[in-house]
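Student: Could you look at this predicted model? Sequence included:
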Amino acid sequence: MKPAFSLCGRSDVYVGSAAEILSDVLPAGRVVVVTDATIDRLYPGLLAPYEKVLIGRGESIKTLRTVEELYRRFIELGVDRKSFVLGVGGGIVTDVAGFAASTYMRGIGFGFVSTTLLGQIDASVGGKNGVNVDGYKNMAGTFTQPRFVICDPAMLRSLPDREFRAGLAEAVKAAVIADAALFARLEASAFEALRSDAALLAGVVSAAVQVKAAIVERDECEAGERRKLNLGHTLAHAIEKCSDRMNHGEAVAVGTALIADAAVRLGVLASADRDRIRGLLAHLGLELTPPVPMARLLREVGKDKKSEAGVLHVVLPTGIGSCEVRPMTRDAFAALFAAE
Ligand code: GLY
């Protein structure tokens, strides 16, 4: 099977059946799977041929401690520079497995089977991996491209509605950044249709990955344009730091709605487009009210890792399918929400 996208000439993204694609893309030699107990239970046949290392579940395990445990298991198993790590799971598994593989013995080959919508659309694609430190998101990590990412839409059937919806928030984000047609397709699709119509879903995943692939191709290490992929994330990361009530995608939905409001106040986004952004997120069943007061979120924003010498690179939607990155001091950013 041909990849749907090839990023930076060395990371192939496939959209299709994991079982069929894996045998074509795995290198000869030793393969060690990193996954979690749920995925191991759901796909016994797919993973049966490989040695496996299981990690825990949830954002709380995305730590250096888990990476160190992986290194130890790799050493016990005799994983060497010629071995290949296959991360199978959602964004947490692929972030941690990618970081461990890209640093173990100064880096060994790795690839992913991405099993969640959020993972397929965003987390597993593009070469960012890493872990949180003291609750601060992705403070340690590398930019290292997986050799391949397999996005199997059939695997999304087993996702709980809540997790599926969280992934849709990233699809809306991609659409707002650069794909007005994807935005309109999502507006015209009921949540239930996205859940049940495999072709519709595969099209949404491909379109969202296309947005990301095109941006990463131009700016792999986030010196400029890749920052656009952080739309809604400044406030989302603060929400995740302050509250465990929302998962990443849910927090991105709130952050995207709030930054759209701010963009209207700044005069760069028409209020009709803001209404469409809010309307689409709500149509997909995403909550748009922050779970903690704005003042508390803004205090956290100062510690966001994307703040460089006190300057945030704020992503402002300027239309449906377009946005700009504007450097702003933390105080200027906070002032945007003074009336909230
Ligand atoms: N999730 C944002 C990025 O990969 O750049």
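Tutor: Great, that's in hand.
Student: Now do the same contact list for the residue of the stretch 201-340 of the chain found nearest the ligand.
Tutor: Ranking the residues of the stretch 201-340 of the chain by distance to the ligand (C-beta to the nearest ligand atom) places Leu229 first, at 3.8 Å. Backbone N, C-alpha and C define where each C-beta goes, glycine included. By C-beta atoms under 8 Å, 6 or more residues apart in numbering, the residues touching Leu229 are Asp122, Gly126, Lys173, Ile177, Lys212, Ile215.
Student: Phi, psi for the closest residue to the third one other than its chain neighbours please.
Tutor: Spelled out, that is Lys173. Among residues not flanking Lys173 along the chain, Leu231 sits closest, at 5.2 Å (C-beta to C-beta, 6 or more residues apart in numbering). Main-chain dihedrals, Leu231, degrees, to the nearest 10: phi -50, psi 130.
Student: From what I see, Leu231 and Ala178 are in contact.
Tutor: No. Using C-beta atoms under 8 Å, Leu231 is not in contact with Ala178, being 10.0 Å away.
Student: In terms of neighbours, single out the busier of the two.
Tutor: Leu231 (25 against 20; other C-beta atoms under 10 Å).
Student: and that one, how far is that from Val216?
Tutor: For Leu231, the distance to Val216 equals 15 Å [C-beta to C-beta, to the nearest Å].
Student: Ala257 too?
Tutor: Where Val216 is concerned, Ala257 sits at a distance of 25 Å (C-beta to C-beta).
Student: still on that earlier bit, now for Leu231 and Ala178: what residues contact both?
Tutor: Cys323.
Student: Might you enumerate the residues of the stretch 1-150 of the chain proximal to the ligand?
Tutor: Asp122, Gly126, Lys128 (C-beta under 6 Å from any ligand atom).
Student: what about the spatially closest residue to Phe333 that is not a sequence neighbour, how many residues close to it?
Tutor: Excluding its sequence neighbours, the residue lying closest to Phe333 (C-beta to C-beta, 6+ apart) is Leu312, at 5.4 Å. Leu312 has 23 neighbouring residues, counting by other C-beta under 10 Å.
Student: wait, isn't Leu312 in contact with Asp331?
Tutor: No. If you go by C-beta under 8 Å, Leu312 and Asp331 don't touch, sitting 10.2 Å apart.
Student: Go ahead and flag the most central residue of this structure.
Tutor: Residue closest to the average C-alpha location in the chain (C-alpha atoms, centre = their mean): Ala123, at 2.8 Å.
Student: mind checking pLDDT for that residue?
Tutor: We have a pLDDT of 94 for Ala123.
Student: so what's it up against?
Tutor: By C-beta under 8 Å, 6+ apart, the neighbours of Ala123 are Gly90, Gly91, Thr94, Asp95, Ser114.
Student: which stretch of helix or strand covers Tyr65?
Tutor: Small correction: residue 65 is Arg, not Tyr. helix 64-77 (DSSP states H and E).
Student: could you point out which element follows that helix?
Tutor: Counting by DSSP H and E, what follows helix 64-77 is strand 84-89.
Student: who touches that following strand?
Tutor: 22, 26-27, 29-36, 39, 43, 46-47, 50, 79, 93-94, 96-98, 100-101, 104, 108-116, 119, 124, 146.
Student: Of all the residues in the longest helix along the chain, which ones are buried?
Tutor: Longest helix in the chain by number of residues, with DSSP state H as the criterion: helix 198-218. Buried residues in helix 198-218, defined by neighbour count with 16 or more other C-beta atoms under 10 Å: 200-213, 215-217.
Student: Show me what it is packed against.
Tutor: Judged by 3 or more C-beta pairs under 8 Å, 6 or more residues apart in numbering; DSSP states H and E, the packing partners of helix 198-218 are strand 5-7, strand 11-15, helix 161-178, helix 180-187, helix 191-196.
Student: Can you flag the weakest of the ones you listed by average pLDDT?
Tutor: strand 5-7 (a mean of 93).
Student: quick revisit: run the angle between the helix holding Arg65 and strand 84-89 for me.
Tutor: 140 degrees (axes from the mean of the first three to the mean of the last three C-alpha atoms, to 10 degrees).
Student: Give the other helices and strands that helix 64-77 contacts.
Tutor: Using 3+ C-beta pairs under 8 Å, 6+ apart: helix 64-77 touches strand 31-36, strand 51-55, helix 91-103, strand 128-133.
Student: mind running it again at 6 Å?
Tutor: helix 91-103 (3 or more C-beta pairs under 6 Å, 6 or more residues apart in numbering; DSSP states H and E).
Student: Identify each buried residue in the helix it packs on, please.
Tutor: 91-103.
Student: Name the nearest residue to Arg276, sequence neighbours excluded.
Tutor: For Arg276, the spatially nearest residue (C-beta to C-beta, 6+ apart) is Ile320, at 6.1 Å.
Student: Phi, psi for the one you found please.
Tutor: Residue torsions, per degrees, to the nearest 10, at Ile320 are phi -90, psi 110.
Student: Mind pulling up the pLDDT for it?
Tutor: The model's pLDDT for Ile320 equals 98.
Student: hmm, who's touching the longest helix of the chain?
Tutor: Contact with helix 198-218 is made by 4-5, 7, 13, 15, 120-121, 125-126, 151, 153, 171, 174, 178-179, 182, 194, 225-226, as judged by C-beta atoms under 6 Å, 6 or more residues apart in numbering.
Student: one more time with 7 Å, if that's ok
Tutor: Contacting residues not belonging to helix 198-218 are listed as 4-5, 7-8, 13, 15, 120-122, 125-126, 151, 153, 156, 170-171, 174, 177-179, 182, 185-186, 189, 193-194, 225-226, 228-229 [C-beta atoms under 7 Å, 6 or more residues apart in numbering].
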